[in-house]
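S.K.: Predicted model and sequence below, questions to follow.
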Amino acid sequence: MPLAVTHVLTTIILVDLYRDYFAKNKRNFTLHTIFVAGMGGLLPDIDIPINWILGFFGISGELMQHGGITHTPFFAALFIVPGALLWRMDRKKLAMYFFVIAFGILLHISLDYVLGGGAYEGIMWLFPFSFESWKIHIIPMFNIQNIPAAIDAAILILWLWHEEARHKISDFI
């Protein structure tokens, strides 16, 4: 299963690459937006602390189990809709925060779908219309314990290499 670092870094890297190479108006797409995107990449796992809190009060809900409602495109839509409304109201910078959070959520559930995270049953892609789950879950197929940590290390090294090549980060040492 992808670790928290994988979800955050992958989102940050993809949004940063988009900003560096494709975004035409960086005024609405600040470095702070990239930070918010990283938090959005971790947001579906909010179900874990919510479950702890609910469990403390003796409440359990199937949809709030890890891999439940927060691991669905429906959860991402909760950010896309206000983002679209803000965009239409010409509040583009604020709208961009909602859009990158939604992107982070969708990337998170896609990584869980492919690599193996969230609910064991998989991702409910069609929620709330269907509770059926799908999964590929590649990492569990290999049955090797340190693959998630190795993925984190590889992502971090590749990103640092890109940042050095593109932005000369060694100039700041």
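M.R.: Received the coordinates, thanks. From a predicted model like this one, the values you see are computed outputs, not experimental measurements.

S.K.: all contacts plus neighbour counts: C-alpha atoms, from now on.
M.R.: Will do.

S.K.: pLDDT value on the most centrally placed residue in the chain, please?
M.R.: In the chain, the residue lying closest to the centroid (C-alpha atoms, centre = their mean) is G41, at 2.2 Å. With respect to pLDDT, G41 has a value of 97.

S.K.: quick one: the helix or strand encompassing D16 to chain centroid distance?
M.R.: Using DSSP states H and E, D16 sits within helix 4-21. Relative to the centre of its chain, helix 4-21 is centred 9 Å away, using C-alpha atoms, centre = their mean, to the nearest Å.

S.K.: now stretch 38-49
M.R.: For stretch 38-49 - counting by C-alpha atoms, centre = their mean - the centre lies 7 Å from the chain centre.

S.K.: could you turn it into PDB, dropping everything but the C-alphas?
M.R.: Extracted in PDB, the C-alpha atoms of stretch 38-49 (Å, rounded to 0.1, in the frame of the first residue of the first chain):
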ATOM      1  CA  GLY A  38       0.000  17.900  -1.100                       C
ATOM      2  CA  MET A  39      -2.400  18.100   1.800                       C
ATOM      3  CA  GLY A  40      -5.200  17.200  -0.700                       C
ATOM      4  CA  GLY A  41      -3.200  14.100  -1.600                       C
ATOM      5  CA  LEU A  42      -3.400  13.000   2.000                       C
ATOM      6  CA  LEU A  43      -7.000  14.100   2.700                       C
ATOM      7  CA  PRO A  44      -8.700  10.800   1.900                       C
ATOM      8  CA  ASP A  45      -6.900   9.300   4.900                       C
ATOM      9  CA  ILE A  46      -8.800  11.700   7.200                       C
ATOM     10  CA  ASP A  47     -11.100   8.700   7.700                       C
ATOM     11  CA  ILE A  48      -8.500   7.200  10.000                       C
ATOM     12  CA  PRO A  49      -8.500   9.900  12.700                       C
END
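
S.K.: re the thing from before, if I pick the residue nearest to the centre of the chain, what's in contact with it?
M.R.: H7, V8, T10, T11, I101, F103, G104, I105, L106, L107, H108 (C-alpha atoms under 8 Å, 6 or more residues apart in numbering).

S.K.: separation between the first one and E121?
M.R.: Between H7 and E121 the computed distance is 20 Å (C-alpha to C-alpha, to the nearest Å).

S.K.: Buried residues, stretch 43-61. List them.
M.R.: Using 16 or more other C-alpha atoms under 10 Å as the test for burial, stretch 43-61 gives L43, P44, D45, D47, N51.

S.K.: typo on my end, stretch 84-101
M.R.: Result for stretch 84-101 [16+ other C-alpha under 10 Å]: buried residues 84, 86-87, 92-101.

S.K.: These in helices, which ones?
M.R.: Assignment to helices by DSSP state H places the following of the buried residues of stretch 84-101 there: 84, 86-87, 92-101.
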